[in-house]
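Visitor: Pasting the sequence and the predicted model now:
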Amino acid sequence: MSDKIEKIIEKAERIADSAVDSWEEVTSNQTDRTGHAAARLASALANNVDADVLALQMTNNSRKNNPDMPEVFTEQDVFSIAKHHRANRTTSVLPKAQVGSLIRQQRAADGAHDVAPGSKNT
């Protein structure tokens with residue numbers, strides 16, 4: 001392929017990527033963004049982008065996006081996110097019904113511990 005065609009394709013890809021980012025900014029919530037980011041991270045790893053590079057980029061973006069509570073990402077975090085993405089391939093690895101039940105059980109267990117000292121339940 002000629003250099004000129006490659007440059008045109010590269011520019012078109014950058015424009016398309018920016019359009020997707022703009023669209024998602026307007027139409028998505030944190031849950032959507034989390035899924036999109038995990039999919040992009042998995043894709044980058046599959047295309048041989050180094051996990052340390054991804055961790056650094058995510059850390060830098062977190063500092064910009066969340067200056068009051070930035071997150072620092074490590075290489076291991078990147079691999080964990082990719083693992084989580086793979087685990088959700090066909091269905092959610094944490095279905096709402098299961099997690100809802102676990103939360104209710106935990107709340108009940110925590111409430112059982114909120115008994116006054118010296119009572120029969122301590």
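Guide: Nice, I can see it.

Visitor: middle-most residue in the chain, spatially?
Guide: residue 34 (3.6 Å; Cα atoms, centre = their mean).

Visitor: This structure - how does it break down into domains?
Guide: With domains defined by automatic domain parsing, the chain comprises 3-90, 92-122.

Visitor: Look up how far residue 28 lies from the residue nearest to the centre of the chain.
Guide: 9 Å (Cβ to Cβ, to the nearest Å). Quick note: C-beta positions are derived from backbone N, CA and C, even for glycine.

Visitor: what does residue 74 give?
Guide: For residue 74, the distance to residue 28 - Cβ to Cβ - is 26 Å.

Visitor: can you map out the helices along this structure?
Guide: Here the chain has its helices, by DSSP state H, at 3-27, 30-46, 51-65, 75-87, 96-112.

Visitor: Could you export these as TSV, including mean pLDDT?
Guide: Below are the helices of the chain laid out as TSV (pLDDT from 0 to 100):
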stretch	mean pLDDT
helix 3-27	75
helix 30-46	94
helix 51-65	97
helix 75-87	98
helix 96-112	93
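
Visitor: before we move on, back to that, which one of the domains of the chain is the most hemmed in?
Guide: Compared across the domains of the chain, domain 3-90 shows the largest average neighbour count, a mean of 12 (mean count of other Cβ atoms under 10 Å).
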